[in-house]
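J.: Starting from these lines, generate the structure:
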Amino acid sequence: MDLSNIVFNSLKYPLRNIAKLPIIFTLFILIAIIPIGKILDNNYIVLVGVIAFFLFILFVPGFFLGVVKKGSKHSAMFPSFNLVNSIQDSIRVLVLRIVYMIVPVIVFFIGFSTLGSSGIDMIRNFQIHSFLAIFGMTLLLILVTYIIFEFIFFFAKARLAYLDSLKEALKIHKVVRDIRNIGFVNIIKWLLVMLVLMVVISFVSSAVMVIPYVGFLIYLIIVIPIMESISNYSLGMLYSNIDYNN
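T.: Residues are numbered from 1 along each chain as shown. I've put the predicted structure just below:
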């Protein structure tokens with residue numbers, strides 16, 4: 001896996017398609033006017049923002065799934081702005097998210113329902129240390145379960161983009177196989193590099209935050225979409241390594 005190539009091409013990707021980014025920026029802008037409408041007590045502005053928010057939910061996840069697919073194919077082009085296809089892809093991403101969150105949700109409810117029945121007795125018997133220990137272990141179990149399935153979901157989304165098949169993306173054993181084929185060491189290196197890159201971009205671009213009134217808006221509507229484009233494209237490029245390791 002050529003990590004430097006992944007990072008370099010991912011950084012260039014949104015810059016190559018800068019002319020198409022304003023459409024994504026516009027959705028972020030319209031969402032951002034919701035608090036403005038609240039401040040101005042203008043229901044029409046709020047309504048526009050709410051409509052934009054629902055369009056965002058229906059369009060953006062599917063669009064960025066397309067970015068993952070472009071990355072997996074090593075294409076420098078942006079996905080086409082097809083509302084129907086993006087909505088369909090957004091629904092598929094939502095279904096994928098729901099399915100992969102079933103286990104963490106079950107663990108959450110089982111953990112706290114068990115803790116709730118025994119925890120009350122511990123508190124009544126002044127067993128505070130035992131209660132805190134069990135509470136901490138329960139939280140740790142929930143957190144670990146969530147991280148594991150969030151990690152698997154991440155690559156299930158990449159599999160969905162790569163194979164264009166929700167059915168294939170729901171096959172958790174094959175997603176885990178893909179992760180093994182890419183290599184845990186490669187994935188960890190990629191995660192660390194991308195984390196550092198996102199922190200650096202965020203830190204450098206945070207200078208706009210000092211601009212009164214519009215600083216946060218600029219950061220929201222320009223920096224975040226660019227960072228999302230970089231991270232999703234790099235995920236696609238990383239996932240394409242399954243071809244080289246099978």
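
J.: From now on I want contacts and neighbour counts done on CA atoms only, so please keep to that.
T.: Noted.

J.: what about residue 129, distance to residue 108?
T.: Per C-alpha to C-alpha, to the nearest Å, residue 129 is found 22 Å from residue 108.

J.: I'd say residue 63 and residue 78 touch.
T.: No. Between residue 63 and residue 78 there is no contact under C-alpha atoms under 8 Å: 9.2 Å.

J.: that older thread, residue 129 and residue 108 - which one has more neighbours?
T.: Using other C-alpha atoms under 10 Å as the criterion, residue 129 and residue 108 rank with residue 108 on top: 19 against 11.

J.: give me the low-pLDDT residue ranges for the chain?
T.: The model of the chain has pLDDT under 70 over residues 1, 19-37, 115-128, 130-131, 208-210, 212-217, 220, 243-246.

J.: who's in contact with the most centrally placed residue in the chain?
T.: Nearest to the mean C-alpha position of the chain, counting by C-alpha atoms, centre = their mean, stands residue 154 at 7.6 Å. Listed by C-alpha atoms under 8 Å, 6 or more residues apart in numbering, residue 154 has no contact partners.

J.: Now residue 232: closest residue in space, sequence neighbours ignored.
T.: Residue nearest to residue 232 in three dimensions, not counting chain neighbours: residue 68, with 5.0 Å by C-alpha to C-alpha, 6 or more residues apart in numbering.

J.: Tell me the spacing between residue 114 and residue 170.
T.: Applying C-alpha to C-alpha, the value for residue 114 to residue 170 is 30 Å.

J.: I meant residue 38, not that one.
T.: With C-alpha to C-alpha as the criterion, residue 38 and residue 170 are 41 Å apart.

J.: Compare those two (neighbour count), which wins?
T.: Shown here are residue 38 and residue 170; by other C-alpha under 10 Å, residue 170 has more neighbours (20 against 12).

J.: Which strand or helix spans the residue nearest to the centre of the chain?
T.: Using DSSP states H and E, residue 154 sits within helix 128-163.

J.: Can you name every helix or strand that the helix or strand following that helix contacts?
T.: On the C-terminal side of helix 128-163, the closest following helix or strand by DSSP H and E is helix 166-169. Applying 3 or more C-alpha pairs under 8 Å, 6 or more residues apart in numbering; DSSP states H and E, we find helix 166-169 packed against helix 83-100, helix 128-163.

J.: So for residue 63 and residue 78, which sits in the more crowded spot?
T.: Set residue 63 next to residue 78 and count neighbours by other C-alpha under 10 Å: residue 63 wins out with 26 against 22.

J.: Which element, helix or strand, includes that one?
T.: Here residue 63 is assigned to helix 43-72, by DSSP H and E.

J.: got the angle for that helix vs helix 83-100?
T.: 80 degrees (axes from the mean of the first three to the mean of the last three C-alpha atoms, to 10 degrees).

J.: helices or strands up against helix 43-72?
T.: When contacts are defined as 3+ C-alpha pairs under 8 Å, 6+ apart, helix 43-72 packs onto helix 21-40, helix 83-100, helix 128-163, helix 224-239.

J.: now do 10 Å
T.: Where contact means 3 or more C-alpha pairs under 10 Å, 6 or more residues apart in numbering; DSSP states H and E, helix 43-72 is packed against helix 3-16, helix 21-40, helix 83-100, helix 128-163, helix 224-239.

J.: ranking these by burial, who's on top?
T.: Ranked by mean neighbour count, the helices and strands packed on helix 43-72 are led by helix 224-239 with a mean of 24 (mean count of other C-alpha atoms under 10 Å).

J.: one step back: who wins for proximity to residue 2 among the helices and strands packed on helix 166-169?
T.: helix 128-163 (18.2 Å; C-alpha to C-alpha).

J.: Quick one: work out the angle between that closest one and helix 83-100.
T.: 140 degrees.

J.: tell me how far helix 128-163 is from the chain's mean position?
T.: 15 Å (C-alpha atoms, centre = their mean, to the nearest Å).
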